[in-house]
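>>> model the following, please.
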Amino acid sequence: MSRLVMKFGGTSVANIERIRNVARHVKREVDAGHEVAVVVSAMSGKTNELVAWCTEASPMHDAREYDAVVASGEQVTSGLLAIVLQSMGIQARSWQGWQIPIKTSDAHASARIEDIDGGEIIKRFRDRKEVAVIAGFQGINPETNRITTLGRGGSDTSAVAIAAAVKADRCDIYTDVDGVYTTDPRIVPKAKRLDKIAFEDMLELASQGAKVLQVRSVELGMVHNMPIFVRSSFDKPEDIDPHANQPPGTLICSEEEIMESHVVTGIAFSKDEAQISVRQIEDKPGVAASIFGPLADANINVDMIVQGVSEDGKTTDLTFTVPAADYTRARDTITAAKGKIGYARLDTATDVAKISVIGSGMRSHAGVAAQAFSALAGRNINIRAITTSEIKFSVLIDTAYTELAVRTLHTLYGLDQA
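Residues are numbered from 1 along each chain as shown. All right, here's what the predicted structure looks like:
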């Protein structure tokens, strides 16, 4: 017998019929003898609707009241799933974040989980064989006693954190895809589903543009060594053997559990990038701080940074990227600091994409990035900027070449046959 946390996203609980399908997945695991906690998101589209209502009520709304409103989406779903499970003869009870409690920071709309007491849920597993149906995405700040929400994708984070709190054997993330692929199958039809992927590789994929899992949930899984299993909620519940070693899906686990890893695990890409180049700055100590200090104060994340010095060594150019959503604020921040920075010209571009090649196997293989640069040159794809780490490198290119670059690199590293 195992203890499982099963998480279902918005598309999986989009209506009552889909909630009944979720209930059949839960029943399958309960009938197999497992202790089960379920974490649910709001019905597909409901969170957007609730956010829109807050904005319509007042564009400058109180973040505490915003959380009170948007947390209600998951409350509805958890109650409905508990009702359906009860109608199927399963002991089930819904839980809101504050009832467990899931204790968080007071950063409303983007709170971080600080502590979860899983004691009562574990007690009910043992005493009542009860399924806990938990509203994801939310918690409570113990100092203010106010409901908080965890930000977009927060239900994934809730699920992994709860799995750690109740000492689950595994956290199953049910979604509208059947696992993690070597890249987006819509871009590369030959993309393969990975049976297993290391936490570190998944963390890079998620942070570099792969939309399968929220980054914080992978971080939590890695910290607590909690295996995360990504699988499809649209597989027929009755067609899955709950006793199988691994049904269709992707297991995210420690690197030690993967017998042999490929040099490259996957290719991620993001079109939500903007490039800013600060030209002809006096090359002296503190110039980088004068640029990136104000950006940090404005809570703007900077990613790729390239610096080039002029031939005479007197001036330098500094190029960096920011998320497209922060482009205007970043440009205005640098413009406002022009007197302090002392640059001659500001060049910007929003038609750029970041392509990232990820794989733990890079640690022990030389020349992986060089192969990519050669292959992209062969396709006449110009590289604007490059960043590297131990298990990843990224290139910035023109958006128009995104799909060609992804397909080229996917084939280059043998992922078509993965």
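>>> which residue of the protein sits farthest from its center?
When each C-alpha in the chain is compared with the mean C-alpha position (C-alpha atoms, centre = their mean), Asp312 comes out farthest, at 44.5 Å.
>>> state the distance from it to Ile341.
Distance, Asp312 to Ile341, by C-beta to C-beta, to the nearest Å: 20 Å. No exception for glycine: its C-beta is placed from N, CA and C like everyone else's.
>>> helix, strand or coil for the residue farthest from the centre of the chain?
coil (DSSP: H, G, I helix; E, B strand; the rest coil).
>>> lowest average confidence, helix or strand, in the protein?
strand 305-309 (a mean of 84; mean pLDDT, DSSP states H and E).
>>> low pLDDT regions in this structure?
Applying pLDDT under 70 to the chain flags residues 1, 245, 260-261, 310-311, 418.
>>> all helices of it, in order?
16-31, 46-57, 63-70, 72-87, 119-128, 154-165, 199-207, 215-224, 287-297, 327-336, 338-341, 368-378, 402-412 (DSSP state H).
>>> for the fourth one, name the packing helices and strands.
This points to helix 72-87. helix 16-31, strand 35-40, helix 46-57, strand 92-95, strand 131-135 (3 or more C-beta pairs under 8 Å, 6 or more residues apart in numbering; DSSP states H and E).
>>> tell me how far the residue farthest from the centre of the chain lies from Ala268.
Distance, Asp312 to Ala268, using C-beta to C-beta: 39 Å.
>>> one more: Pro285?
From Pro285 to Ala268 the distance is 35 Å (C-beta to C-beta).
>>> neighbour count winner among the two?
Ala268 (24 against 6; other C-beta atoms under 10 Å).
>>> what sits against the closest residue to the more buried one other than its chain neighbours?
Residue nearest to Ala268 in three dimensions, not counting chain neighbours: Gln208, with 3.9 Å by C-beta to C-beta, 6 or more residues apart in numbering. With contact set as C-beta atoms under 8 Å, 6 or more residues apart in numbering, Gln208 has these partners: Ala268, Phe269, Ser270, Lys354, Ser356, Ile358, Lys392, Ser394.
>>> longest strand of the protein?
strand 266-282 (DSSP state E).
>>> please parse this structure into its domains.
3-256, 266-413 (the TED database).
>>> mind listing residues that contact stretch 138-147?
Stretch 138-147 is contacted from outside by 64, 67-68, 71, 74, 96-98, 101-106, 108, 111, 113, 148-150, 154, 158, using C-beta under 8 Å, 6+ apart.
>>> state the distance from the closest residue to Arg279 other than its chain neighbours to Ile281.
Once flanking residues are discounted, Arg279 sits nearest to Arg345: 4.1 Å by C-beta to C-beta, 6+ apart. To Ile281, Arg345 is 10 Å away according to C-beta to C-beta.
>>> so for the two, which sits in the more crowded spot?
The residue with more neighbours, out of Arg345 and Ile281, is Ile281; 20 against 10, by other C-beta under 10 Å.
>>> could you measure from the more buried one over to Ala325?
Remark: distance between Ile281 and Ala325 (C-beta to C-beta) = 26 Å.
>>> now Val76
Distance from Val76 to Ala325, by C-beta to C-beta: 29 Å.
>>> who has more neighbours out of the two?
For Val76 versus Ala325, neighbours defined as other C-beta under 10 Å are more numerous around Val76 (16 against 11).
>>> and that one, how far from Phe292?
43 Å.
>>> got it, and Phe125?
49 Å.
>>> of the two, who's got more company?
Per other C-beta under 10 Å, whichever of Phe125 and Phe292 has more neighbours is Phe125, with 19 against 16.
>>> tell me who's in contact with that one.
Phe125 makes contact with Arg3, Glu35, Ala132, Val166 under the criterion C-beta under 8 Å, 6+ apart.
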